[in-house]
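Student: Mind folding the following:
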Amino acid sequence: MTPISRRAAIVQPFLAMDVMAAAAAKVRAGADVVRMEVGQPSAPAPRAVIAAAQNALATGRVPYTEALGLPALRARIARDYAERHGVSIPPERVVITTGSSAGFVLAFMSLFDAGARVAVPQPGYPAYRNILSALDLVPAPMILRAEDRFAPTAALLRETHARAPVSGALVMSPANPSGTVITEAALRDLCAATRSLGLPLISDEIYHGLSYGLPTETALRFDPEAVVINSFSKYHCMTGWRVGWMVVPETLVRPIERLAQNLYISAPYLSQIGALAAFDATEELDAVRDGYARNRTILLDALPGLGLGRVHPADGAFYLYADVANLTNDAADFCRRMLDEAHVAATPGLDFDPDLGSHHVRFSFAGSEAECHEAVARLRRWLG
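Tutor: Sure thing, here's the model as predicted:
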């Protein structure tokens, strides 16, 4: 019998991907499913991105790049921080990664030794917990509270650290699954708290560019030593291209380079070429974001009448995290029946919150307006 490592055995499934597989199987069998289970833009990559990659492919050579990424792309990302946030970052501190997922692995491995406890938000992106566990690190949940708009705060971090000391903290804004944006004042306070506690801060900013009223700020404005992780997947509509980036302190550049050389060699060349062109597609991408805003309004207007009116603040990203306690105590079963009977795919909250997630469902509104209207009609028939 083939042995299974302890690490592989303890990592929990990513339920959104399991729902995605179940929905895809139904589609292959001929069903018409409204897909609201994964955080994936339905819009294609911008035209300029596709053209740049095609032109590069036409040369016939698709090489490795330096482990830290194409110098031109690193410089363009650094320029973007200056233009958007007024933050000056040397391009040498920018690391190109194989999506944000590789960024988390590199950040965790370069910052923490085995056994270290890392504070993470709950509810929160499940891969945080699962990657930490796979690396013999311990996720320490910061239980988010309604009175804080379900956003992490300096007080919550201090409480978590006081219960059992942590070696670092990770925050996300806009958040998955809730869409909550950490306000400028709260982010400033969080950065001050991590500095005073002597803890490294990892800021997941993958949904920057996707907010609906509240501005999104980078942690680098308040802590130049923060480790920032971002990606071209969400705002730039490049999920399958698998290209992201980190901004790291100067002292981490060479350690992360050594890890990246051995783990990944480099992010895909064609994806980096496309990512460089993505900065010239703002008008096209903002139009996609405006479509998300309309989808958000459709759902926020309709869900209360379906018994799904209690949602976390949907300030950004493209999710609604709905409390379904008045309909079920088993969100996983609820999502299975919703897929089987209403042909609407959504993700049960246990993916994001192992304690209270059985009462929640996450709906992604990254699809079209027509799909959102159709999902509402199907849910109305199913729940009515």
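Student: Surely Val38 is in a helix?
Tutor: No. Counting by DSSP: H, G, I helix; E, B strand; the rest coil, Val38 is not part of a helix but coil.
Student: Asp18 is in contact with that one, correct?
Tutor: No. In this structure Val38 lies outside contact range of Asp18 using C-beta atoms under 8 Å: 10.6 Å. C-betas here are computed from N, CA, C, even on glycine.
Student: Between those two, which has more neighbouring residues?
Tutor: Higher neighbour count among Val38 and Asp18: Val38, with 18 against 15, using other C-beta atoms under 10 Å.
Student: max-length helix in the chain?
Tutor: Counting residues, the longest helix found in the chain (DSSP state H) is helix 282-302.
Student: Can you check what angle separates whichever helix or strand comes after that one from helix 282-302?
Tutor: Once the chain leaves helix 282-302, the next helix or strand it forms, by DSSP states H and E, is strand 319-323. Orientation of strand 319-323 against helix 282-302 (axes from the mean of the first three to the mean of the last three C-alpha atoms, to 10 degrees) gives an angle of 20 degrees.
Student: The helix or strand just after strand 319-323: which residues count as buried?
Tutor: Later in the chain than strand 319-323, the nearest helix or strand by DSSP H and E is helix 331-337. By neighbour count with 16 or more other C-beta atoms under 10 Å, helix 331-337 contains the buried residues Ala331, Ala332, Phe334, Cys335.
Student: Helix 331-337 packs against which elements?
Tutor: helix 15-28, strand 347-348, strand 360-364 (3 or more C-beta pairs under 8 Å, 6 or more residues apart in numbering; DSSP states H and E).
Student: Relative to Arg254, which of those is closest?
Tutor: helix 15-28 (33.7 Å; C-beta to C-beta).
Student: Return the set of buried residues in stretch 304-317.
Tutor: By neighbour count on 16+ other C-beta under 10 Å, the buried set for stretch 304-317 is Leu306, Leu308, Arg310, Val311, His312, Pro313, Ala314, Asp315, Gly316, Ala317.
Student: Greatest separation within the residues you listed: which pair is it?
Tutor: Distance extremes for those: the farthest pair is Leu306 and Gly316 at 23.2 Å, using C-beta to C-beta.
Student: for the chain, what spans make up the helices?
Tutor: Under the criterion DSSP H, the chain contains helices at 6-10, 15-28, 47-57, 71-85, 99-111, 126-134, 154-163, 184-197, 250-263, 269-278, 282-302, 331-337, 369-383.
Student: okay if I get those helices as a markdown table plus distance to Pro91 and mean pLDDT?
Tutor: As requested, those are exported to a markdown table (distance: least, C-beta to C-beta, whole Å; pLDDT from 0 to 100):
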| stretch | distance to Pro91 | mean pLDDT |
| --- | --- | --- |
| helix 6-10 | 35 | 83 |
| helix 15-28 | 34 | 89 |
| helix 47-57 | 19 | 97 |
| helix 71-85 | 4 | 97 |
| helix 99-111 | 17 | 97 |
| helix 126-134 | 27 | 95 |
| helix 154-163 | 31 | 98 |
| helix 184-197 | 23 | 98 |
| helix 250-263 | 11 | 98 |
| helix 269-278 | 13 | 98 |
| helix 282-302 | 20 | 97 |
| helix 331-337 | 44 | 94 |
| helix 369-383 | 39 | 96 |
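Student: Thanks again, I'm all set now.
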